[in-house]
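Participant: everything below, folded, please.
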Amino acid sequence: MSEAYHSLYRERLARGAWRDEPRPVLVNNWEGTYFDFDEGKLLAIAGAAKDLGLELFVLDDGWFGRRDDDTSSLGDWSVYERKLPGGIGGLARKVEALGLKFGLWFEPEMVSRKSELFSAHPEWAVGVPGRPRTEFRNQYVLDLSRAEVVDHLFSAVSAVLASAPISYVKWDMNRSITEPYGLALGPERQGEFFHRYILGVYELYDRLTKAFPKVLFESCASGGARFDPGILAYAPQGWVSDDTDAIERLRIQWGASLCYPLSSMGAHVSAVPNHQVGRLTPLSTRAAVAFFGVLGYELDPTQLSEPEKAEIRGQVEFYKLHRGLFQRGRFLRLVGPYDGNGNQVAWMVVSEDRRKAIVGFYRVLNRPNPYPSQLRLRGLDPAVAYRVSAWLERGDGAERFNAGYRGGDELMGAGLLLGGDGWDQIKQGDFWSRIFVLEA
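Facilitator: Next up is the predicted model:
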């Protein structure tokens with residue numbers, strides 16, 4: 001079932017210039033700076049990202065209006081000159097001069113109460129006449145069931161996109177709709193509101209993607225659930241969750257993979273302690289999870305140590321080498337976070353000709369002296385011998401027990417051998433992962 005969905009979503013519902021193109025490895029400044037940035041800080045991040053091998057710099061929230069926190073300016077899509085005196089165009093051209101592409105964050109469907117747009121058009125915010133609106137995350141939802149709202153947003157967003165060399169748009173959607181009422185519909189037609197609202201979202205996407213066909217649009221699966229099959233026609237990938245913790249992401253990406261292909265799932269490596277749960281996970285595990293999606297980094301690379309920078313360079317090099325397989329290979333789930341006690345997760349991608357595969361294995365908590373276990377693989381050619389190697393050679397039992405040539409029939413019938421490596425296990429600690437590469 002999942003393979004049918006993956007093929008349908010990736011190859012038929014997704015369309016446009018980016019449907020079949022390798023997606024760039026990006027750095028997003030959000031968790032690195034939040035609202036506290038200026039042009040100098042952003043260019044320092046971009047320069048450090050280029051040194052790590054990244055390909056796209058994304059400027060997140062805080063570049064518009066008078067946006068120093070989340071209480072104002074949504075809807076006012078003009079540059080905040082105190083932060084960016086050279087405008088978006090000036091910053092984007094400097095980023096491109098460093099050798100990176102430039103991307104920009106929008107939240108088109110939202111408006112802040114403290115904004116010029118809401119002051120001019122309070123009636124454009126969704127709400128029931130004569131009753132107070134619920135303000136959530138210091139914002140209201142714009143009524144995209146109204147043609148004039150869609151027209152205004154197209155004009156405002158397209159003006160920004162036309163003003164600079166912008167290659168990527170992160171389209172955020174951070175709250176759900178409350179008090180659903182469309183002023184333009186009338187009382188007897190309120191049952192149509194949600195449907196017509198989404199048609200407005202699609203129309204805005206349609207007009208923008210036609211006007212800017214070379215821009216990669218990424219949708220958002222967070223508060224507003226902007227991650228549905230229809231949206232793939234305009235945004236072939238989505239930001240799956242603001243929760244960037246690697247262990248949380250095992251469940252998130254596992255669940256999304258029931259229907260969605262890896263090419264549609266943005267997955268980032270973030271700093272530790274993680275900003276959502278405070279967890280400390282190894283950098284290698286954060287990458288090993290994010291590999292199975294569209295890889296990005298959400299941190300300040302200028303704050304990394306030299307060993308961390310070297311490790312990330314290796315991660316990016318490995319992902320680029322296997323990017324086609326990660327983004328378009330056959331994805332197979334092996335052991336799930338809902339199986340047994342949920343302490344182990346494993347999945348893999350296999351090439352169409354079955355001559356190459358990459359396996360990801362993740363253990364949440366360590367145990368003393370665990371008994372050996374077998375990870376049976378799927379989707380291989382039983383008649384082929386595969387050379388098994390481990391990404392990031394560590395000389396531990398997981399590598400020693402499995403390295404070398406193994407038959408496809410053996411790997412599917414007996415599997416990879418995990419655990420049972422005695423004292424080596426102590427060094428691994430919690431949140432341990434392993435990436436195995438299989439080549440015919």
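
Participant: tell me, how many residues neighbour residue 82?
Facilitator: Neighbour count of residue 82, defined by other CB atoms under 10 Å: 9. Yep, even glycine has a C-beta here, placed from its N, CA and C like the rest.

Participant: what does the one 10 residues further on give?
Facilitator: Using other CB under 10 Å, residue 92 is surrounded by 23 other residues.

Participant: what does residue 383 give?
Facilitator: Neighbour tally, residue 383, other CB under 10 Å: 9.

Participant: regarding this protein, what is its longest helix?
Facilitator: Scanning the chain for the helix with the most residues, using DSSP state H, yields helix 193-211.

Participant: residues contacting the very next helix or strand once past it, please?
Facilitator: Once the chain leaves helix 193-211, the next helix or strand it forms, by DSSP states H and E, is strand 216-220. Counting by CB atoms under 8 Å, 6 or more residues apart in numbering, strand 216-220 makes contact with 18, 23-24, 103, 167-174, 205, 208-209, 226-227, 231, 234-239, 266, all of which sit outside it.

Participant: do the same with stretch 286-296
Facilitator: The contact list for stretch 286-296, computed with CB under 8 Å, 6+ apart, reads 23, 25-28, 58, 237, 240, 246, 249-250, 253, 262-270, 272, 312, 315-316, 318-319, 322, 326-327, 331, 347, 349, 358, 360, 362, 391, 433-435.

Participant: okay, and which of those residues map to strands?
Facilitator: 26-28, 58, 237, 265-270, 331, 347, 349, 358, 360, 362, 433-435 (DSSP state E).

Participant: how long is stretch 6-20 from one end to the other?
Facilitator: Its first and final residues considered, stretch 6-20 spans 14 Å by CA to CA, to the nearest Å.

Participant: what comes up buried for it?
Facilitator: Within stretch 6-20, the residues that qualify as buried are 6, 9-10, 13-14, 16, 18, counting by 16 or more other CB atoms under 10 Å.

Participant: okay, the least confident helix or strand in the chain by mean pLDDT in PDB with CA atoms only?
Facilitator: Across the helices and strands of the chain, the lowest-confidence element by mean pLDDT, DSSP states H and E is helix 424-428, at a mean of 80. Presented in PDB, the C-alpha positions along helix 424-428 are these (Å, rounded to 0.1, in the frame of the first residue of the first chain):
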ATOM      1  CA  ASP A 424      31.600  -2.400  23.200                       C
ATOM      2  CA  GLN A 425      27.900  -1.700  24.000                       C
ATOM      3  CA  ILE A 426      28.800   0.600  26.900                       C
ATOM      4  CA  LYS A 427      30.600   3.100  24.600                       C
ATOM      5  CA  GLN A 428      27.500   3.400  22.400                       C
END
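
Participant: so which bits of that helix are buried?
Facilitator: Along helix 424-428, the positions that meet the burial threshold by neighbour count (16+ other CB under 10 Å) are 425, 428.

Participant: with stretch 113-131 instead?
Facilitator: Of the residues in stretch 113-131, those with enough neighbours to count as buried (16+ other CB under 10 Å) are 113-118, 121, 124-127.

Participant: export it as PDB, just CAs?
Facilitator: This file holds the C-alpha atoms of stretch 113-131, laid out as PDB (Å, rounded to 0.1, in the frame of the first residue of the first chain):
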ATOM      1  CA  ARG A 113      -3.400  42.000  15.200                       C
ATOM      2  CA  LYS A 114      -0.400  44.500  15.400                       C
ATOM      3  CA  SER A 115       0.000  44.900  11.600                       C
ATOM      4  CA  GLU A 116      -0.700  47.400   8.900                       C
ATOM      5  CA  LEU A 117      -2.800  44.900   7.000                       C
ATOM      6  CA  PHE A 118      -5.100  44.100  10.000                       C
ATOM      7  CA  SER A 119      -5.500  47.800  10.700                       C
ATOM      8  CA  ALA A 120      -6.500  48.400   7.100                       C
ATOM      9  CA  HIS A 121      -8.700  45.300   6.700                       C
ATOM     10  CA  PRO A 122      -9.800  43.700  10.000                       C
ATOM     11  CA  GLU A 123     -12.700  42.200   8.000                       C
ATOM     12  CA  TRP A 124     -10.200  40.000   6.200                       C
ATOM     13  CA  ALA A 125      -9.500  37.900   9.300                       C
ATOM     14  CA  VAL A 126     -11.600  34.800   9.800                       C
ATOM     15  CA  GLY A 127     -14.200  35.200  12.500                       C
ATOM     16  CA  VAL A 128     -17.900  35.300  13.300                       C
ATOM     17  CA  PRO A 129     -19.500  38.800  13.000                       C
ATOM     18  CA  GLY A 130     -20.200  40.400  16.400                       C
ATOM     19  CA  ARG A 131     -18.100  37.900  18.300                       C
END
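
Participant: could you tell me how far that stretch lies from the centre of the chain?
Facilitator: Averaging C-alpha coordinates over stretch 113-131 and over its chain gives two centres that are 31 Å apart (CA atoms, centre = their mean, to the nearest Å).

Participant: list the contacts of that stretch.
Facilitator: Against stretch 113-131 from outside (CB under 8 Å, 6+ apart): 65, 71-76, 111-112, 133, 135, 138-143, 146, 148-149, 152, 177-183, 197.

Participant: now the buried members of those.
Facilitator: Neighbour counting by 16+ other CB under 10 Å classes 65, 72-76, 111-112, 133, 139-143, 146, 149, 152, 177, 180-182, 197 among the contacts of stretch 113-131 as buried.
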